[in-house]
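Asks: Could you look at this predicted model? Sequence included:
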Amino acid sequence: MKANPKDVNTGVYYIDGDVSSGYGALAAGCKFVGGYPITPSTEAFEAVCRRGPLVGAMFIQMEDELGSIASVVGASWAGVKSMTITSGPGFSLMMETIGFGAMLETPFVLLNIQRGGPSTGVPTKTGQADMMQSRWGSHGDYELIAISPDSPQEMFDYTIKAFNLAERYRCPVMIMSDECVGHMTEKVVIPPADEIEVEPRRFYDGPINEYLPFKPDEDLVPPMVKAGDGYKLYITGLIHDERGYSIKNEEYKFIYTKRLVDKIRLNKDKIIELKEEETDDAEVVVVSYGISSRVAVRGIEKAREKGIKVGSLRLVTVWPFPDEKIAELAKTIKAFVVPEINYGQIAFEVERCSHGEANVILVPHGGAGVHNPDDICDAIEYAAKEKKRIEGVIEYKTKLEKLVFEEGYKLHE
Amino acid sequence: MRIDKRGVLTGTWNLSGNQACAEGALAAGCRFLSAYPIPPSIEVVERFTQRAKEVGAVFVQMEDEISVLAAVLGASWTGKKSMTVTSGPGFSNMMEHLGLGVMLETPCVIVDIQRAGPAIGIPTRVGQGDMMQARWGSHGDYEIIALSPSSPQEMFDFTIKAFNLSERYRVPVAVMSDAYVAHLKEKVVIPPAGKIKIKPRRYYKGRKDKYLPFKRDKDFVPRMVDIGAGYRFHVTGLTHDERGYPIMFEECQEHNVHPLVKKIRHYVDKIVEFQEVETDDAEVVIISYGATSRFALKAMEQARKSGMKVGSLKLITVWPFPDKRVAELAKKAKAFVVLEINYGQIVFEVERCSYGNANVAFVSHGEKGIDNIEDLLSTIEQVMKEKKVRKGIIEYRT
Amino acid sequence: MSPLKTIDSKIVHPMDNLLRMERIPHIWCPSCGIGLAVTAFTAALEKAKIDLNKVAIVSGIGCTGRVAGYTKLDSFHTTHGRPIAFGTGIKIGNPEIKVVVFSGDGDLIAIGGNHFIHAARRNIDMLVVCVNNFIYAMTGGQVAPTTPLAAYATTSPYGCVEPPFNIPYLADSSGAVYVARWTTLHIRRLTNSITEALNKRGFSVVEVISPCGMYYSRINKLGDGLDMMKFYHDNAEIRHGEDTKNLGIGFQTKIIVGKFVDRERPTYMDSYNKWLSEIKTEEKLRK
């Protein structure tokens, strides 16, 4: 299905990533945004508030993030594409309801403009430390999809993709952006509506009395109906059967929620999107995502100038994780270099999937800034030279760490 | 440290895991409990409140789990050892304040009696689906300690251990129990007060005007003072310097957050504990924690009887993860079988640490009922037959 | 007008011992009223004659959330919306401490609304100073639960459609024992109110109406800080003991100020201790 021309403000813009994502959501047909102001994501919410009413989209600023995500799940069951926008602390508050959304197989999109953490951290500056949280943050077992754009243009494109994936697999989709991309202002080309592919909701079209809200199709995804269509829906966060009714205690079997993980794990190949560059003959591959992948470009260039064969693997979808791709690369290369704005999250996943066949070097950064490309270049150089196979993630000591802890940097007078 | 004897109910009792947990907390000197009622954790609160007066402890039931953990952090800064107890959905609600606890380096204990999830799940049935959440559930970067008891006796012992670790490392410690262990009644031996080791709080003892709330000792852990002792200190969830004042530079972020990770990672060997049974000659090692480890041992015995060389590694501290030990075992054994009541969480950690040296098979325990070990035995048999190491996690048909 | 003189470093400002002078200058914009609220608060601390080592100040997130960082008491800057819950823990952990929660309207009434009503219901012995500037200022001017109908904000670009909370009414009906409201113009009366509330046992709320020249006034074209002060001067009416029902604030309407509630109720710790002394633990034990 193509996008509705009314929703798309076709043209060439000079806007930041936040606003671009807001426009992307509206272009994808999003008709409800529930949010709560939190730096650095407010611009996206404000963009929706300004433009939303003109294209028939509702917005509401709720009393807190618990409320905003709950309203989004509700709106989605009312039949409209929905989104919420937040950052670290708000994301933590949403954890319970994200699991609820996954349990009810509710399609919605969550835009997380990551900032430096933990806790209140550095509200106005960047971080990438919510990556594992997006996968594991709610209690119980579930799987969801996370995308990590690296430019305002991608914020537009991948917000649309996020809506498409959410509707396709009936699961929450996270856009794990960061403050740098969110506040970066660049050229954004919004194409005409007929060039934007939009996934419609999978509505059930059989007879009313035969509808079972959680009876899956062959791809393990059940079709949906909306409240108010006469189906007399019953939906619960308790573990439920195909009818949506909660299981009696004595009938409970552990397998009831297995489909929630299987529908993503078994459709993994269709979901995962990667950007690969010069990995064929590489000795070292840089695995990166979001803003770090843009900083890595310079580090890679520098390393290539020194004659090292470096490839790049950019994770566009971070979750589900491309296990097979990493395992495959690990066989042919010496080492992975993983620059990320945290003290090791995705690096552990790379370690897991490389099965001891390649070294894994983490270039950490605490947040509130991006990597120094020289650090990435040096780590690549080290990776290329190291002959031994070293177990465990090797944490590369950055210039920043040396400055703060060894060179007597003074934080205050 | 002198122990407050009032909290220690020395003797041999028949207690449920939840009751033992409350007793452990009181014995460890916990004098503040805040909670919001959620099954299957309620008995902890009941036991604690029954004993509160005698021991001089307070309990407050707050309006939600968010405020529960906030109150626990506040109480901890008054010098009281503080604890909360919850289950899945409540644990999710606590995620933001878990991060605040880490950032303010506030010692406290969070007991999570896991139930089947996600969402509301089944409130009374067992699950182990919050294991990765304990490590990764709050935003931003941090390290945490999580223990997993497998019997009422361990609920008692590990709750004390949790308080000691949280005071030692100034970090919230999670006790990741489950509905099965929490409701299991068994013999619990509570030793005399003199036999219980209690780690005191690391207080600052210097001059009042020289106190810096986040000036770290050599082991990266700063020293604490109590509210009301006249220090007039400031702490904030914002990135702060050693004075506790916010500074929004990347240098300060590095200075503040990197030690939060280091103070655990550098002492992993000291913190990590596990129990090994017959792993020396084992071809297959079963890795388990909490309730599942009870069945792992049962399966191990059966397998040994039928001539299979099977050992067991039971995780006591799940976080930090015993990377080194798993890596060593991977070189000795042919395969790991990981037993969990979820669809794969700690098994990914085992896969990570085995570095392609051993097969990793996963058994989602509980599909046929928690006391059924057929799946486990059949997985052990099948993984024994594997000739070479396969990539990724193997799930056999059972 | 004579040029500004350099201040002699030997001269000590009377508030210096209550402020973290190394943190000054503060982050608040010119024309902001929070500084006045802090002045009133520090003056009240002196007047109330309480042991300052036993006062803990807790703030949440937002412009007013930064107050804890500038006051030289045991001070806690916590998460968004949760200072009351955090303060409850402090109060129960050590009942000797006088807990002051100093935060903004968004922090206390929106995200922290639940804790606000429940702490009032429990009658936790704490003073809540709520600076109300009708907007989320720290994040750049979003609509707040106190934004008057039809006022503009960045997330109500076509005018606010939600009726606002009447904070004294909310506090009163939830069980607060002391409720007052002043604007930052009534600095002397505000000081007296805070002094009184500091010595009051129970959940006390002092609402401080404060100008936000940077966002609220600018978006709504209300002039600068001085214009707002003039507005308060012309439109604030003191009515002590007024029924809190009648205290709603519309867009640029009359603001009724004064002390509205002053009553006695057993505090949470009173009730708790009473309960403790009544139960017979021996019977409950070893069941």
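Replies: Received, thanks. Numbering: from 1, shown residues only, chains lettered A, B, ... in the order given.
Asks: What residues sit buried inside stretch B:380-394?
Replies: B:380, B:382, B:383, B:384, B:389, B:391, B:393, B:394 (16 or more other CB atoms under 10 Å in any protein chain shown). Placement of C-beta: from N, CA and C, glycine included.
Asks: Any stretches of the chain with poor pLDDT?
Replies: In the absence of a named chain, this looks at chain A. Applying pLDDT under 70 to chain A flags the ranges A:249-255.
Asks: The intended chain is chain C.
Replies: In chain C, residues with pLDDT under 70: C:1-10, C:279-287.
Asks: hey, where'd the helices end up in it?
Replies: C:34-48, C:83-93, C:105, C:113-122, C:167-174, C:187-198, C:216-219, C:225-235, C:268-278, C:281-284 (DSSP state H).
Asks: Also the stretch 251-398 of chain B?
Replies: In the stretch 251-398 of chain B, the helices defined using DSSP state H, counting those that start in this stretch lie at B:268-271, B:291-305, B:323-332, B:346-354, B:374-385.
Asks: which other helices and strands contact the second one?
Replies: Okay, so that is helix B:291-305. strand B:284-288, strand B:310-315, strand B:335-340, helix B:374-385 (3 or more CB pairs under 8 Å, 6 or more residues apart in numbering or on different chains; DSSP states H and E).
Asks: who touches that helix?
Replies: For helix B:291-305, the external contacting residues (CB atoms under 8 Å, 6 or more residues apart in numbering or on different chains) are B:126, B:128, B:150-151, B:178, B:180-181, B:277-278, B:284, B:286-288, B:310-312, B:314-315, B:339-341, B:365, B:370-371, B:373, B:376-377, B:380.
Asks: swap in stretch A:90-99?
Replies: So stretch A:90-99 is contacted by A:36, A:38, A:41, A:64-66, A:68-70, A:73, A:84, A:86, A:110, A:112, A:130, A:133-134, A:137-140, A:142, A:144, A:172, B:66, B:89, B:92-93, B:95-96, B:98-99, B:117-119, B:133, B:137-139 (CB under 8 Å, 6+ apart).
Asks: Would you mind trimming these to those in range of chain C?
Replies: Restricting the contacts of stretch A:90-99 to those near chain C by CB under 8 Å from any CB of the partner chain leaves A:36, A:38, A:64, A:65, B:66, B:96.
Asks: number of nearby residues for the fourth one?
Replies: A count of nearby residues for residue A:65, using other CB atoms under 10 Å in any protein chain shown, gives 28.
Asks: Is it in contact with residue A:36, as I believe?
Replies: Yes. If you go by CB atoms under 8 Å, residue A:65 and residue A:36 touch, sitting 5.0 Å apart.
Asks: intersection of neighbour lists for the two?
Replies: With CB under 8 Å, 6+ apart as the test, residue A:65 and residue A:36 both reach A:86, A:90, C:111.
Asks: Keep only those of those residues that are in strands.
Replies: residue A:86 (DSSP state E).
Asks: domain ranges for chain A?
Replies: A:5-195, A:274-405 (automatic domain parsing).
Asks: hang on, the earlier thing: buried subset of the ones next to chain C among the contacts of stretch A:90-99?
Replies: A:36, A:38, A:64, A:65, B:66, B:96.
Asks: Quick one: residues contacting the last one.
Replies: Translated: residue B:96. A:89, A:92, A:93, A:119, B:66, B:138, B:139, C:79.
Asks: Out of the residues you listed, which is nearest to residue C:181?
Replies: residue C:79 (26.4 Å; CB to CB).
Asks: didn't the closest one look like it was pressed against residue C:61?
Replies: Yes. At 6.8 Å, residue C:79 counts as touching residue C:61 under the criterion of CB under 8 Å.
Asks: Common neighbours of those two, please.
Replies: Listed contacts common to residue C:79 and residue C:61 are residue A:120; contacts here mean CB under 8 Å, 6+ apart.
Asks: Would stretch C:96-113 count as contacting chain B?
Replies: Yes. Using CB under 8 Å from any CB, stretch C:96-113 reaches chain B at C:96, C:97.
Asks: now do the same end-to-end measure for that stretch.
Replies: Taking CA to CA, to the nearest Å, the first and last residues of stretch C:96-113 lie 26 Å apart.
Asks: quick one: the helices in the stretch 1-150 of chain A?
Replies: A:17-27, A:42-51, A:65-77, A:88-93, A:95-103, A:131-136.
Asks: Next up, the contacts around the residue of the stretch 251-400 of chain A at minimum distance from chain B.
Replies: Taking CB to the nearest CB as the measure, the point where the stretch 251-400 of chain A comes nearest chain B is residue A:356, at 2.9 Å. Contact analysis of residue A:356 by CB under 8 Å, 6+ apart lists A:389, A:391, B:354, B:355, B:356, B:357.
Asks: Same check on residue C:250?
Replies: Taking CB under 8 Å, 6+ apart, one finds C:148, C:149 in contact with residue C:250.
Asks: what bridges to residue C:153?
Replies: residue C:156 (DSSP bridges).
Asks: From the contacts of residue B:96, pick the one nearest residue C:40.
Replies: When the contacts of residue B:96 are compared against residue C:40 (criterion: CB to CB), the nearest one is residue C:79, at 26.0 Å.
Asks: Can you pull the phi/psi pair for the closest one?
Replies: Dihedral angles of residue C:79 (phi, psi; degrees, to the nearest 10) stand at phi -80, psi 170.
Asks: excluding its backbone neighbours, what's nearest it?
Replies: If the residues on either side of it in the chain are set aside, residue C:79 comes closest to residue B:100, at 5.2 Å by CB to CB, 6 or more residues apart in numbering or on different chains.
Asks: What is the helix or strand hosting residue B:132 packed up against?
Replies: Here residue B:132 sits within helix B:131-136, counting by DSSP states H and E. For helix B:131-136, the elements it packs on are helix A:131-136, helix B:88-93, strand B:145-147, strand B:172-178, strand B:317-319, judged by 3+ CB pairs under 8 Å, 6+ apart.
Asks: which other helices and strands contact the fourth one?
Replies: Yep, that's strand B:172-178 we're talking about. Under the contact definition 3+ CB pairs under 8 Å, 6+ apart, strand B:172-178 sits against helix B:17-27, helix B:95-103, strand B:108-116, helix B:131-136, strand B:145-147, helix B:152-169.
Asks: In JSON lines: those, plus distance to residue A:370.
Replies: Converted to JSON lines, the helices and strands packed on strand B:172-178 look like this (distance: least, CB to CB, whole Å):
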{"stretch": "helix B:17-27", "distance to residue A:370": "44"}
{"stretch": "helix B:95-103", "distance to residue A:370": "22"}
{"stretch": "strand B:108-116", "distance to residue A:370": "34"}
{"stretch": "helix B:131-136", "distance to residue A:370": "22"}
{"stretch": "strand B:145-147", "distance to residue A:370": "31"}
{"stretch": "helix B:152-169", "distance to residue A:370": "30"}
